[in-house]
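Engineer: Provided below for reference: sequence and predicted model.
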Amino acid sequence: MSERPRPRETGGDTGAGLPQLRTGHAFAHTPHRSDGRPPQTPRGSRRPDPGGRPGTIPPVPGRPATPLLRPALAALLPLLALVLTTWQVLVSGPLLGPDEALSRAVVRSVPDAVTERLADLGNVPVAVPVLALAMAYSVRRSGRWAPALTAALAMALVPALVVPLKQWTARPGPLEPWAAGYYPSGHTATAAVAYLGAALLVRPYVRRPWPTAVALALTGATAVGLVLRGFHWPLDVLASALLCVPLLLAVDRGARRYGPRTPS
């Protein structure tokens with residue numbers, strides 16, 4: 001039984017060799033995956049990740065998000081400044097010299113009838129009802145108690161933090177050197193938490209900047225009245241403002257997280 005040699009393939013034969021690239025109906029019937037992604041996506045056509053680098057399948061996660069880092073830093077820096085000012089008061093440091101000089105230059109420079117009215121804005125019977133009204137408004141509009149309770153807790157922490165500091169530092173007043181307990185200013189802390197806390201509760205529903213502007217004006221007027229009347233040193237007022245920053249950040253976070261369920 002003889003075997004015939006197979007014919008050699010010539011250059012014109014197309015039955016063997018590398019597959020030829022064909023166009024036409026074959027690409028019109030490219031199969032699709034059930035999840036909507038194209039099969040075997042080439043590397044060149046992959047979508048880039050948010051950083052602009054070529055993406056992969058499955059996508060590689062980027063840098064971990066740190067949503068709590070910024071609020072933590074915003075609360076830590078004022079606390080560090082509060083520690084510094086408190087240390088200066090305790091050791092009678094060099095920071096007290098400019099503080100006392102500024103107080104002597106401005107105290108009683110405005111009539112007492114004006115400065116006393118401004119200082120009275122930090123009284124509990126004046127400031128706390130404003131916060132209570134804002135709390136009731138927030139609960140009525142959102143149907144949630146968390147933002148209002150956060151603001152109430154912040155106000156309750158004001159005397160719990162201010163009174164021990166007053167007793168510890170025992171700083172005398174500008175016009176009453178025989179007395180003690182002026183650092184930090186309780187009136188300033190009460191005004192800041194009450195007025196600014198109320199603004200933070202109302203702001204999601206007003207959609208305008210006037211609540212924050214009014215709250216800042218009332219708090220600043222209280223602080224100025226206290227210094228000009230001689231009820232507190234400027235450093236006392238500054239320390240209260242630094243102390244209230246973490247409290248107000250907590251109120252702001254609660255108002256944003258548990259705010260209106262639907263856009264107002």
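Structural biologist: Received it, and whenever you're ready, just let me know what you need.
Engineer: Tell me where the model's unsure across the chain.
Structural biologist: 1-69, 71, 259-264 (pLDDT under 70).
Engineer: neighbours around Leu196, how many?
Structural biologist: 26 (other C-beta atoms under 10 Å). For every residue, glycine as well, the C-beta is placed using N, CA and C.
Engineer: mind listing what it touches?
Structural biologist: With contact set as C-beta atoms under 8 Å, 6 or more residues apart in numbering, Leu196 has these partners: Thr212, Ala215, Leu216, Thr219, Cys244, Leu248, Val251.
Engineer: Dump those residues to TSV, plus neighbour count and secondary structure.
Structural biologist: Formatted as TSV, the contacts of Leu196 follow (neighbours: other C-beta atoms under 10 Å; DSSP: H, G, I helix; E, B strand; the rest coil):
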residue	neighbour count	secondary structure
Thr212	16	helix
Ala215	24	helix
Leu216	14	helix
Thr219	27	helix
Cys244	27	helix
Leu248	21	helix
Val251	26	helix
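Engineer: Check for me that Gly173 belongs to a strand.
Structural biologist: No - counting by DSSP: H, G, I helix; E, B strand; the rest coil, Gly173 falls outside a strand, being coil.
Engineer: quick one: the strands in the stretch 1-150 of the chain?
Structural biologist: For the stretch 1-150 of the chain, no strands are identified by DSSP state E, counting those that start in this stretch.
Engineer: ok so, going back, which one of the contacts of Leu196 sits closest to Pro164?
Structural biologist: Set against Pro164, the nearest of the contacts of Leu196 by C-beta to C-beta is Cys244 (15.7 Å).
Engineer: gap between the nearest residue to that closest one once chain neighbours are set aside and Gly97?
Structural biologist: Spatially, and ignoring its direct neighbours in sequence, Cys244 is nearest to Ala192 (4.2 Å; C-beta to C-beta, 6 or more residues apart in numbering). Applying C-beta to C-beta, to the nearest Å, the value for Ala192 to Gly97 is 26 Å.
Engineer: returning to what we had before: how about the secondary structure of the residue nearest to Cys244?
Structural biologist: Under three-state DSSP, Ala192 falls in the helix class.
Engineer: To what extent is it buried, counted in neighbours?
Structural biologist: 30.
Engineer: Now the phi/psi pair for the nearest residue to Gln88 once chain neighbours are set aside, please.
Structural biologist: Leaving aside its sequence neighbours, Gln88 sits nearest to Leu95 (C-beta to C-beta, 6+ apart; 4.1 Å). The phi and psi values for Leu95, taken as degrees, to the nearest 10, are phi -70, psi -20.
Engineer: again, but for Asn123
Structural biologist: Here is the backbone geometry of Asn123 (degrees, to the nearest 10): phi -70, psi 150.
Engineer: What of Arg253?
Structural biologist: Dihedral angles for Arg253 - degrees, to the nearest 10 - are phi -70, psi -40.
Engineer: tell me the helices in the stretch 101-250 of the chain, going along the chain?
Structural biologist: For the stretch 101-250 of the chain, the helices defined by DSSP state H, counting those that start in this stretch cover 112-119, 124-142, 146-169, 186-191, 197-206, 210-229, 234-257.
Engineer: Need the winner for burial among those.
Structural biologist: Mean neighbours per residue, mean count of other C-beta atoms under 10 Å, is largest over those for helix 186-191, with a mean of 28.
Engineer: Many thanks, I have nothing further to ask.
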